[in-house]
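A.B. asks: Okay, structure incoming, though there's no sequence with it:
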Ligand code: B12
Ligand code: B12
Ligand SMILES: Cc1ncc(COP(=O)(O)O)c(C=O)c1O
Ligand SMILES: Cc1ncc(COP(=O)(O)O)c(C=O)c1O
């Protein structure tokens, strides 16, 4: 089921950036080049802007940062067309439920509480995000999963090692494991998630592992399959979305062994 | 003669933008798309970033501006390489002279004052730039051309029409006409300069017209030939550069009739 | 009224007295003259409009023809209403005149009386329309929420009225209280007002009656939508100042740029022409309930904002004097000043505060217009955004009334949609975060700020003294303001200056000089 | 000392007395215990270094072996110096011990005396090196220009010491007075200090003795080049706090993050372990002339900066008490606080000023560390740049001493080279433009700022009262700080906590508890 975010039929399909006039294609760019600040460096900045499809490009600011680097701000017209009809949107494929409806679904169809185990893994100690989803306090005016009577929530906190998380998931008979990753320098979050899925693959019999849901502000939700998780949530996720997804995945949809 | 701005021989020839590590290729971009803010618009922003060669690209900020526009800030890695050896730099092809040497050159070789007529043409009333070059007060610590004893300076000020400028140039027996253009919206500066050169072509016998020098913060110095002027000065020009150029063009270099 | 700078009351009184002394002779000159644009404004009040195939307005054709035949020393009204045939309208007359089919004459005796009566009746209709627009504004303002001070003033400048309108509406939705449609470069030197809706302009949109009307209608819609009256402003200054003022009154613009000396200094318009035009245009604005904005900020784009700070004060005092003389009430006198000190100057922010406070304390009832940094904005948009934030803060700390919102791209482009949006967020952050900080800001009497404020006032008094002595026109000729030398017998539009003869008749002036409802 | 908030003197006295009352029992506990990391620090002072092929430091191998054989209740020094063979060094002993070729025993009688004397001599050498580093710093500081306050504090965090060094040098050239090398995530939970120069780290660079040394040498070069002493800082906090402090002293770091409760609250380290470790590490810092930085800013990233403002004050008072007790002088106590109020809160800037002033007035001689907005930074880098400007302004207006420079990309990436450069320009604009504005800032006694300041102090007193009553350890267990619940019998590193027996001997502690040169 697609949600309401499809473009209306009469919206233009090919658009360009807008500075102050329709179709002017204006953009702003900034970057640093490892060059001393001189005319050649400004030329290099223009070359890069041109390669990015900006022409004419105007270096409006260039500042030496020590003898080996120069910072540039460039304005100009980009010639690429944005093809709105070709935009791939990761559509929500489940219904948004109120806490009441989510609880009812779990009660009626699962017949027992839905067990979730949450953590920040690896060296990541940013708990605010996972707390926002799990703790009763919640996020953006929505209560967290602890508020849902039919959800059993175990929030293990920060810097939980993957083996420990696996043990706890087994101990609590987790239906779903929720993992947060905020530090992304050198793609630490991707490496950690790969380690996570490998460990769960090893620890559980084929097709029996809990749902694995990861989240954090720099994740790309379309990468779930690639990372071997069931679902990825990005920045601004609300607890209701997560609860609704869990209900959808656990209750409404029979999980196929071949999926996991 | 080339100036000292050539790259040193051992500098790397292919470079990439620098965020916090050599070769990381990081850039920042911002633009507006004429779309309502939703997931599709964010996807469209990513599509544009990808077309600009940025991948992975991250929409770090998206803000609705009314129901029809969204502003985006995107960070990411650009994959283009900057080929430093292919950068075209507009090299200064004349020697920088002190006022004393410039005066001496004019006195000895021209034997009379070098006559300059300056103006902002068309509807442009931004006189600060041309004043910076011509008035004694000068710019960036350098005195303007009025300070040079052997230069005769006529600064006609703002909003001078092209026909009037031609008349004054003839009346003063101008060696050089200096024109400033600051307003560039809809390329007004280019249109005005074309009108200027056409008028001088008509008014003077072939090969006898004064030097035409234009300047302003948004000009591209490499466009002189295209616009039919002798030289273009961009942002940050100092009076000494202009004086030196004029001496070079008028005195040292015999102007060839075929050039004009 | 506060006195945070500890200004000596005597100094304040003396400064005002000197401004009056310097301004009085100029008022006398303004009374003794008219201009072609004043005469055109009279006919516009009487309803003339439209243009010939070349775009020259009929009002220009008509006035030029009258001038050519009988001169304008007695005003245009007598020959025109004398020549009007039974129930003929002004446009038809202009067309006939343009075709060389009208002989103008100065009527005398009963014919003169009839022409005067008819002209007065016709012009009254225009003034009535202006009055009714004023009442309409008052009604709207009363029925809608009053925006808190400072009013947020934003510019649009696409050159195309059809792009301007949605951008202006968007700006209003995002918080703008005042929309200024920037005028195409060079329009101030056109000796006519272009006609119709326009879609081509350079770095601004032509000011035309039709554009005024379209934008005002659009903003009325948006005002209703937002429950907040959005003001519209444009430029009176230039060779057509009286006509611009008239059109603004007729189309219910709310504010107009109208400085007593801007045209002289920055557009090289003849000084006498300017003083005559500004007086008439201000009488119209007074009648129309329009707030004027003066242009002291412009001085600081060419002169040094520290050295020339007192010239701003002097100009404000003169602008105030001329404004009062023309019938404007304090609440209509939007004196200008600007945040233009080089940000690298030590204590630059404190100096800005001193200057801004000086204006505030000298003119407690004037809706001061606070202009953002422009000269020292560079392509570094981040630094620009920060500087604009400090400009906003200075505005809050010193209680400015109209805040022209600074754009981070000032040195780059005419503002983009997103620049305006970001700029508004900047204002909103500062306004909200430092809402009451003004109450905790008490410059110490002997501190940098207060000392500087008193010093600038003293310098202003010194200069006014000199001007009162040598005469304002001579001072202007000498380069006192904005470093420009403008002698009284030079400059553009001099040909349109008219020395009134004893028979001069101008129904509009007669009606306007009467008691004004405030 | 000013009293801009009109704080009642009695309140200030009472707050300090309550902090002492709450802290005293914890000091008693700290005196009664040691930890494995304290014991390792003792050996590090005596010169042990290096690691085995797996990267486990020899000091860990040695202490672990001693603990396994005879326990650590009497300290590591006695069994170690007892086991040392003639002119054998500690590394060789550790290698032998690791190979299972040493039998440790607790010496008694004369053997004990000899071991004690040898241990004391060995440890003294380390303290002498720390002393000489301190003198070296004092010399450099005296011979180079003193940077004005606030000191500009910038972070580098590439993960690679070889990239860090040029970035740090560039930052110094552009105005940084203090360089902090951010530590790789998770290092605080390592129960050992990694060895050698490192080039791989996540969002930070490992803190190692070699990295300390390399960076300090590079900055010494840059200091000479700039004629200004560039301070270097790193993190003590974590399971290795005593060792980190020791290495910092040996390698002449100038400041260290060292909070009395950070590890407990934010890294779930056992409370007793933390209190013992922080006491020893602070004794080292006191001796080394190192300025500590406390971590109150962290509370505000999870708790609400308005509701929890008083917990910051309480923590500052406790940190001050523990610091004094450990021998730190006021000039060494860099108490932390932060600009973290939601910028959409009405009057947020005034509330920030109130909180910042409260810290300033309560701790007039402490080098306060003022932390920039992080929590409410978003991907809107323009808004972020503005917010950082107001943070800088608040720092100037309230006289903060160490200004951690905020980055516009806070919510996006670890800082880029250009972010740092732009951030410095931001600081420099504010510092220059508003240099003396502080003198004109006088919150009125009954205004929002002063009232708020007094209110937060009163709340802090209320909380301290409760803590003094129930005990600090219980308060920590109850979630009083940063909303974290940390019982005294839980948390990481508990296994390394040692109850001293009557024979406990620690030459370092004995030397450090002596009179300290201030
Ligand atoms: C608060 C904070 C801290 C606090 C953390 C306190 C705590 N208990 O969490 C403290 C001060 C301890 C801290 C420390 C560090 N931090 Co920090 N921190 C931040 C900060 C300011 C805010 C993060 C935050 O709380 N966001 C609010 C929450 C609600 O948003 P969120 O995490 O995105 O979560 C939402 C979604 O992503 C999603 N979500 C998140 N997780 C999950 C999980 C699931 C299952 C689901 C369904 C959804 C979901 O739902 C949430 C609600 O919508 C950011 C900067 C910023 N302004 O973003 C830096 C930031 C994240 N920190 C950073 C760094 C580097 C560190 C350190 C590693 C620095 C160091 N070397 O010392 C340390 C060490 C921490 C560690 N070991 O991990 C970097 C990360 C850079 C990167 N991209 O790699 C940032 C971006 C700052 C910066 N520019 O350098 N930090
Ligand atoms: C000062 C100023 C004004 C003053 C001008 C005062 C005066 N007497 O010059 C006033 C207030 C009158 C003004 C008015 C307007 N301005 Co204006 N103004 C500026 C401002 C703030 C600074 C320009 C300046 O003085 N720069 C300093 C000088 C020294 O630099 P420069 O001009 O680049 O000159 C140097 C070089 O370029 C070179 N050079 C320049 N000319 C020449 C000529 C020769 C022969 C040579 C060799 C070299 C040379 O040498 C100089 C020294 O290095 C800029 C914004 C900014 N911060 O840049 C806007 C700006 C230029 N203005 C702008 C606009 C649109 C206007 C208006 C048209 C707005 C309107 N519609 O009303 C009006 C009308 C003016 C008109 N008819 O032209 C826009 C132009 C947008 C664009 N790119 O098209 C700008 C960029 C602001 C903006 N973002 O909207 N303005
Ligand atoms: C008072 C006043 N009038 C008019 C203008 C603009 O007029 P012009 O159309 O001449 O550029 C300005 C410039 O800002 C001004 O300050
Ligand atoms: C006092 C203190 N110590 C240490 C740290 C960082 O330590 P860790 O390595 O645990 O992230 C911080 C965080 O800013 C801190 O405030």
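C.D. replies: Received the coordinates, thanks. On a predicted model such as this, the values are computed, not experimentally measured, just so you know. Ligands and ions are numbered 1, 2, ... in the order given.
A.B. asks: in which helix or strand would I find the nearest residue to residue C:33 once chain neighbours are set aside?
C.D. replies: Spatial nearest neighbour of residue C:33, excluding adjacent residues (Cβ to Cβ, 6 or more residues apart in numbering or on different chains): residue C:276 at 4.7 Å. Backbone N, C-alpha and C define where each C-beta goes, glycine included. For residue C:276, the host element (DSSP states H and E) is helix C:271-288.
A.B. asks: same check, this time on residue A:157
C.D. replies: Residue A:157 belongs to no helix or strand, assigned by DSSP H and E.
A.B. asks: May I have the phi/psi pair for residue 159?
C.D. replies: No chain was given, so I picked chain A. When quoted as degrees, to the nearest 10, the phi and psi of residue A:159 stand at phi 50, psi 40.
A.B. asks: Would you map out the domains in chain C?
C.D. replies: Per automatic domain parsing, the structural domains of chain C span C:33-124, C:148-235.
A.B. asks: Contacts (any at all) between chain D and the shortest one?
C.D. replies: No - under the criterion of Cβ under 8 Å from any Cβ of the partner chain, domain C:148-235 makes no contact with chain D; the nearest approach is 12.9 Å.
A.B. asks: Mind checking if that domain is in reach of chain A?
C.D. replies: Yes - using Cβ under 8 Å from any Cβ, we find that domain C:148-235 touches chain A at C:157-158, C:160, C:163, C:167.
A.B. asks: Just name the closest of the residues you listed to residue A:210, please.
C.D. replies: residue C:167 (52.5 Å; Cβ to Cβ).
A.B. asks: so who does that closest one touch?
C.D. replies: By Cβ atoms under 8 Å, 6 or more residues apart in numbering or on different chains, residue C:167 lies in contact with A:20, C:156, C:158, C:417, C:420.
A.B. asks: Please, which helix or strand holds it?
C.D. replies: Here residue C:167 is assigned to helix C:161-173, by DSSP H and E.
A.B. asks: quick one: average confidence on that helix?
C.D. replies: What helix C:161-173 shows for mean pLDDT is 93.
A.B. asks: now do stretch C:271-289
C.D. replies: Here the average pLDDT along stretch C:271-289 is 98.
A.B. asks: ditto for stretch C:177-189
C.D. replies: 93.
A.B. asks: For chain A, give the strand that spans the most residues.
C.D. replies: strand A:54-65 (DSSP state E).
A.B. asks: Show me what the helix or strand following it is packed up against.
C.D. replies: Downstream of strand A:54-65, the first helix or strand assigned by DSSP H and E is strand A:69-78. When contacts are defined as 3 or more Cβ pairs under 8 Å, 6 or more residues apart in numbering or on different chains; DSSP states H and E, strand A:69-78 packs onto strand A:26-33, helix A:39-51, strand A:54-65, helix D:417-433.
A.B. asks: which neighbours does strand A:69-78 have in its sheet, and in what orientation?
C.D. replies: strand A:26-33 (antiparallel), strand A:54-65 (antiparallel) (DSSP bridges).
A.B. asks: most tightly surrounded among the ones you listed?
C.D. replies: Mean neighbours per residue, mean count of other Cβ atoms under 10 Å in any protein chain shown, is largest over the strands paired with strand A:69-78 for strand A:26-33, with a mean of 25.
A.B. asks: Provide the contact partners of it at residue level.
C.D. replies: A:17-20, A:41, A:44-45, A:48-49, A:52, A:54, A:65, A:69-78, B:15, B:17-19, B:26-31, B:78, B:82, C:381, C:413, C:416, D:416-418.
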